[in-house]
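*Asks:* My questions are about this predicted structure, shown below with the sequence.
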Amino acid sequence: MHLYYNLCNLLTSIKKESRKTKEDLMITMCLLHICLVMLFSIEISSLDCTMLHFQQNKMNMESLELLSKMGGQFPLQCLNENRNFRLPQKFLKLRQKENAKVEIQEILQLIFYIFTKNLTLAAWDGRSLERFQNGLNQQIEHLEACLTEKMEKKQPYSRSEEIIRLKLKKYFQKIDNFLKDKQYSLCSWEIIRLEMRRCLQYKHFDLRIGIRKKYIF
Amino acid sequence: MMAVLIGPLSFCQLVYLSILTTTLFSLPEASVINPPQKLTIDSQNFQHILSWEPGSNTTMPTYYNVKYIGLSGSEKEWKMAKECSNTTHLFCNLTKEYEEYTSTYIAMVQRVTEHGELNSSILEFSPYRSTYLGPPAVNLTACPACINVTVKLPAAYLKESSLIAIYQKLDYTITVESFDRKEKIPIKNETSEESFTYVVGSLRSNTNYCVSVAVAASLNLHSIPSALKCIITRSNIQAGYGIIPILNGGLVSLIIGIFLLGLYKGGFICLKSKPWPKVLETTNKLHCSVHEPDPENVCSVQVMYKEVKKKEWEYCYDDDSESDSENSGEYTRHVILGRVPSSHAKSNTFVHQTIDCTSAESSSQATELLNSDTENSEEHQSVIRENESTSRVFFHPSSEVNSSSTSELSNSACFNINLNTVMLGDPDKTWDDSATLISHQKDAVDLQDSSASDALESKFFTNTVDVKKPVCHNISHEWQKPSVSDESDASDSEYIRR
């Protein structure tokens, strides 16, 4: 942004020095207009809540990639830990616009919360893990900023929405309990890593439906 | 000698022995069976085919088992792929096995031997993010300087499901290339339909272009583009395309024409400006003057010698322009006719009809001369050429007052009056000599004048728009009795100046 500001100043100063013919004035005005537009667009794009879903999608992709990269192949010895956590498949489908954004933010926060637990036995690539955590944090903050900026009224949840919300909470509670029970062992973490990949895919999956029907963003 | 012979012999033995040992050693390796290796999955639109390589070359037929397990599922044991149990092929179709497309599956190939099973390494695979999408079915139709691309998404090898049902939105890229591969135009867009159309515009007409379409999802960037399909764009020059703009232009101009016509009829637009009446042009300048529209107009004027009672004195003067310049003192006065022609009477001015008795010269000089006159209209300048006639001059005013026309007036005789011979006197007095004559004439004139004079009197003093003052007032003169001279020469005519 500062770069553009400096550029605009430079352009205007150049024009001032030159001979002030009518044409020059016209060009100067035109340049000033362009500069103003650029400045405003930059201001807008830095906190662009209209393009929020694009940003969110991109960050989801990155998070998924990082999750895959963190660890190696699934260790066969952990097969006996294989567990179906019953990810709610229909979550976010019935969302009203404002509630959907809130729900996505909640999910992201829960995922982030899980990955702050004891990871010593996980044996994952530290850098990828860090980047993953930072990415999640960024996503959460961006969503929060857009929600507070728009000051949208939180509409009361409908019955079906409440049910889905409860299911999601149960799901994450199960994961938390599983990790605790297995004492944050390597195998438990590997299982959870896979599960989170599924979750992020699902979340993404439903967001797209929302966008198309203009529910969410 | 013996040592030499023993040497080569032992060398041969050594070689023989080494060959034997190597063959012996190599034998056990041939008997080692390796598990299948290099597992790969070739997945296209959720159709997954696992293939592998055998661990070692054997001539005997080998049997393989394919096992898989879905992670994040409830199974803790390997599942057998039903179609690939004890198969001799080196591939296996796992489409039906990998039903839960969001899960991650691991697969393994077992080699069946008499001693047991040899497990290969596992292969992890997540269909949702790793299957290749496409190629879509592309149909091209040509249009002028554009191509109509119809894309149909491939079917997904899933039960009652399609790519759109799985991914909701797909991003597609249309690549348009010129035939010689010099231009490449990528077009990106997204779709939520199974079948969609896109019109690629801004192309050159009559050119061969090749089009390829690739489809991908936001979380799955693996795609297989369609094969290049080529088409030639149509030409731009078509009669049908030219007619429409011409028709539009004609319609617009017609509407504008009707609109203007309406304005004209309504009086908002005046095409021809009505000419400013010539009378009005000169009324500003003239005070007591007569504008000569037609130099050739000839009129006769009645000069009332006898009556002084507020009748106009009308004099007929010659426009003697041939004699002199305007400042020579010879004034020519244009006689005012007391008639207001209806055709000119817009502003109730009366027409000054020129009386040009002899010459057809323009009266502009005279006009200017008259303009220089003061407003005092009591005195009339008169230039009277001496005429050979008697002192009594009779003038008949013209009955026609159309000054613009070259109406010839009756009694177009003009007389030159020598003022010296003119005598003005009391209106009450009557002239003895000319009484009868005058009265006779007067009657005749009166009849003509009756209508006009009244009109004139009424109109004389109505000031009009641009007339500064009434034109000529009724003249009541007090003529000085000029000295009568019998001079008849024009050159000797007397000038009366104001």
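*Replies:* Sure, I can see it.
*Asks:* in a helix, that's where B:Asn65 is, yeah?
*Replies:* No: counting by DSSP: H, G, I helix; E, B strand; the rest coil, B:Asn65 is not found in a helix; it is strand.
*Asks:* mind checking the SS state of the closest residue to it other than its chain neighbours?
*Replies:* Distances taken as Cβ to Cβ, 6 or more residues apart in numbering or on different chains put B:Gln110 closest to B:Asn65, at 4.0 Å, once the chain neighbours are dropped. Any C-beta I mention is one placed from the backbone N, CA and C, and that applies to glycine too. Following three-state DSSP, we place B:Gln110 in the strand state.
*Asks:* give the contact list for B:Gln110.
*Replies:* B:Pro35, B:Pro36, B:Tyr64, B:Asn65, B:Val66, B:Lys67, B:Glu117, B:Leu118, B:Asn119, B:Ser120 (Cβ atoms under 8 Å, 6 or more residues apart in numbering or on different chains).
*Asks:* cutoff 6 Å now
*Replies:* B:Asn65, B:Glu117, B:Asn119 (Cβ atoms under 6 Å, 6 or more residues apart in numbering or on different chains).
*Asks:* Among the residues you listed, which one has the most neighbours?
*Replies:* B:Asn65 (20 neighbours; other Cβ atoms under 10 Å in any protein chain shown).
*Asks:* Any figure for the gap between that one and chain A?
*Replies:* When distance is defined by Cβ to the nearest Cβ, to the nearest Å, B:Asn65 is 16 Å away from chain A.
*Asks:* Equivalent analysis for B:Ala227, please.
*Replies:* 29 Å.
*Asks:* Run a quick neighbour tally on that residue.
*Replies:* Counted with other Cβ under 10 Å, B:Ala227 comes out at 10.
*Asks:* Check B:Ala217 too.
*Replies:* 23.
*Asks:* What separation is there between it and chain A?
*Replies:* For B:Ala217 relative to chain A (Cβ to the nearest Cβ), the value is 9 Å.
*Asks:* Backbone dihedrals for residue 124, please?
*Replies:* I'll assume chain A. phi -110, psi 170 (degrees, to the nearest 10).
*Asks:* thought it was touching A:Met70?
*Replies:* Yes: between A:Trp124 and A:Met70 there is a contact under Cβ atoms under 6 Å: 4.3 Å.
*Asks:* does the nearest residue to A:Cys78 once chain neighbours are set aside count as helix, strand or coil?
*Replies:* Sequence neighbours aside, A:Cys187 is the residue nearest to A:Cys78 in space, at 3.5 Å (criterion: Cβ to Cβ, 6+ apart). Following three-state DSSP, the label given to A:Cys187 is helix.
*Asks:* Shouldn't A:Met61 be within a helix?
*Replies:* Yes: per three-state DSSP, A:Met61 lies within a helix segment.
*Asks:* That one and B:Ile258, how far apart?
*Replies:* For A:Met61, the distance to B:Ile258 equals 63 Å [Cβ to Cβ, to the nearest Å].
*Asks:* Pull the residues that contact stretch B:111-131.
*Replies:* Under Cβ under 6 Å, 6+ apart, the answer for stretch B:111-131 is A:73-74, A:201, B:33, B:35-36, B:39, B:41, B:43, B:46, B:62-64, B:98, B:101-102, B:104-110, B:219-220.
*Asks:* What's the ChimeraX line that selects buried ones from the residues you listed?
*Replies:* Filtering the contacts of stretch B:111-131 down to the buried ones (16 or more other Cβ atoms under 10 Å in any protein chain shown) takes a single ChimeraX command:
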select /A:74,201 /B:33,35,36,39,41,43,46,62,64,98,101,102,104,105,106,107,108,109,110,219,220
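*Asks:* Among the contacts of stretch B:111-131, which are located in strands?
*Replies:* Among the contacts of stretch B:111-131, the members found in strands (DSSP state E) are B:Leu39, B:Ile41, B:Ser43, B:Tyr63, B:Tyr64, B:Tyr105, B:Ile106, B:Ala107, B:Met108, B:Val109, B:Gln110.
*Asks:* and whichever residue of the stretch 101-250 of chain B sits closest to chain A, what are its phi and psi?
*Replies:* Scanning the stretch 101-250 of chain B for the residue nearest chain A gives B:Gln168, at 4.0 Å (criterion: Cβ to the nearest Cβ). When read as degrees, to the nearest 10, the backbone of B:Gln168 gives phi 70, psi -60.
*Asks:* And the one 3 residues further on, by the same measure?
*Replies:* Geometry field for B:Asp171 lists phi and psi as phi -100, psi 130, criterion degrees, to the nearest 10.
*Asks:* can you tell me which residues contact it?
*Replies:* B:Glu190, B:Ala216.
*Asks:* Can you tell me the centre-most residue of chain A?
*Replies:* A:Gln139 (3.2 Å; Cα atoms, centre = their mean).
*Asks:* okay, the residue lying closest to it once chain neighbours are set aside: pLDDT?
*Replies:* Using Cβ to Cβ, 6+ apart and skipping the chain neighbours, the partner closest in space to A:Gln139 is A:Met59 (4.9 Å). A:Met59 is assigned 87 on the pLDDT scale.
*Asks:* how close does A:Met59 get to B:Ile187?
*Replies:* The value you get for A:Met59 to B:Ile187, if Cβ to Cβ is used, is 26 Å.
*Asks:* Repeat that for B:Asn57.
*Replies:* Counting by Cβ to Cβ - B:Asn57 and B:Ile187 are separated by 50 Å.
*Asks:* Compare the two (neighbour count), which wins?
*Replies:* B:Ile187 (14 against 7).
*Asks:* Now do the contacts for the closest residue to chain A within the stretch 1-150 of chain B.
*Replies:* Residue of the stretch 1-150 of chain B nearest chain A, by Cβ to the nearest Cβ: B:Ser74 (4.3 Å). Residues near B:Ser74 by Cβ under 6 Å, 6+ apart: A:Asn84.
*Asks:* Ignoring the adjacent residues along the chain, who's closest to B:Asn139?
*Replies:* B:Thr150 (4.1 Å).
*Asks:* can you count the residues close to A:Lys167?
*Replies:* 15.
*Asks:* same question, the one 3 residues further on
*Replies:* By other Cβ under 10 Å, 13 other residues sit near A:Lys170.
*Asks:* what's the pLDDT at it?
*Replies:* As predicted, A:Lys170 sits at a pLDDT of 92.
*Asks:* just B:Ser273 next, same as before
*Replies:* On the pLDDT scale, B:Ser273 gets 62.
*Asks:* Could you pull up the mean pLDDT of stretch B:168-188?
*Replies:* Stretch B:168-188 carries an average pLDDT of 87.
*Asks:* what bits of the chain have low per-residue confidence?
*Replies:* Since no chain was named, I'll use chain A. A:1-9, A:11-12, A:14-20, A:40-48, A:90-99, A:149-155, A:203-217 (pLDDT under 70).
*Asks:* try again with chain B
*Replies:* B:1-9, B:23-31, B:237-242, B:271-279, B:281-419, B:421-498.
*Asks:* near chain A, which residues of it show up?
*Replies:* B:71-74, B:76, B:102, B:104, B:106, B:124, B:128, B:168-169, B:192, B:218-219 (Cβ under 6 Å from any Cβ of the partner chain).
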